[in-house]
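Asks: this one's structure only:
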Ligand SMILES: N[C@@H]1[C@@H](O)[C@H](O)[C@@H](COP(=O)(O)O)O[C@@H]1O
């Protein structure tokens, strides 16, 4: 696990944007795993300004609310269209998000997994983190081997996401999310976290025990993970100075 601490969210985001730009240049048919929420907003802004060629790329989003139509402003379909898809030259048939209106959710989840496999697996998965350590919508106690499936949101996540819906009551109880096992299959996981309210979840994910109570801690067993943090999100890490030194003195032969 590489932990990169930057003075600002913008600076941390630029590193993620450079990783994605580098991947698209090196591998035009790259498969990207994408995330929603306020954290990756700056990333999508930076990526659209970079005018990259997305024509050969494929994307898979982590999750979607059950029962929210794709054109509704609170859906993740809508979020992605507004913040990334309508600004870049991605082929619509290579954009994938779970279908929150699927009449048969288990078969829709199986199909999603099959589509990821058929695309050759995810090269780089962008992740945010919930205040309870969730990744995608894998809430605490999610199986660390889970695949794409329906999940029930915790009251804490529904409270955290109420800002997008106007009130907590309007936040759906159910979501479809890639599982932790699905995320762990990505070849590189890049987790962004900004602000003090993420500090505890980050410290537990990076330095705590691997536990389903903090689903992001499963990433400790992933061979290639990068955490990109601003100072407040890094504030509860015990080995902060070590991470800083390691990044600042990174040998030139080591890839970003
Ligand atoms: N499903 C998303 C997650 O993928 C995201 O990481 C999390 C944090 O959101 P934010 O970035 O708004 O803090 O929110 C939602 O629950």
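Replies: Ah, there it is. Not measured: the values here are computed from a predicted model.
Asks: for the stretch 1-150 of the chain, what lies in contact range of the ligand?
Replies: Applying CB under 6 Å from any ligand atom, we find that the stretch 1-150 of the chain lies next to the ligand at 35, 36, 37, 38, 39, 62, 63, 128, 129, 130, 136, 137. To be clear about C-beta, it is placed using only N, CA and C from the backbone, and glycine gets the same treatment.
Asks: looking at those, which are in strands?
Replies: Secondary structure defined by DSSP state E assigns residue 63 of those to strands.
Asks: give the contact list for the residue lying closest to residue 14 once chain neighbours are set aside.
Replies: Distance criterion CB to CB, 6 or more residues apart in numbering; nearest residue to residue 14, sequence neighbours excluded, is residue 46 at 6.4 Å. Neighbouring residues of residue 46 by CB atoms under 8 Å, 6 or more residues apart in numbering: 13, 14, 17.
Asks: number of residues surrounding the second one?
Replies: Translated: residue 14. Per other CB atoms under 10 Å, the neighbour tally for residue 14 reads 16.
Asks: about what we covered before: now, which of the contacts of residue 46 sits nearest residue 110?
Replies: Ranked by distance to residue 110 (CB to CB), these are led by residue 17 at 33.1 Å.
Asks: next one: the closest one relative to residue 67, how far apart?
Replies: Computed as CB to CB, to the nearest Å, the residue 17 to residue 67 distance reads 33 Å.
Asks: just residue 15 next, same as before
Replies: Where residue 67 is concerned, residue 15 sits at a distance of 36 Å (CB to CB).
Asks: same deal with residue 4?
Replies: If you go by CB to CB, the gap between residue 4 and residue 67 works out to 38 Å.
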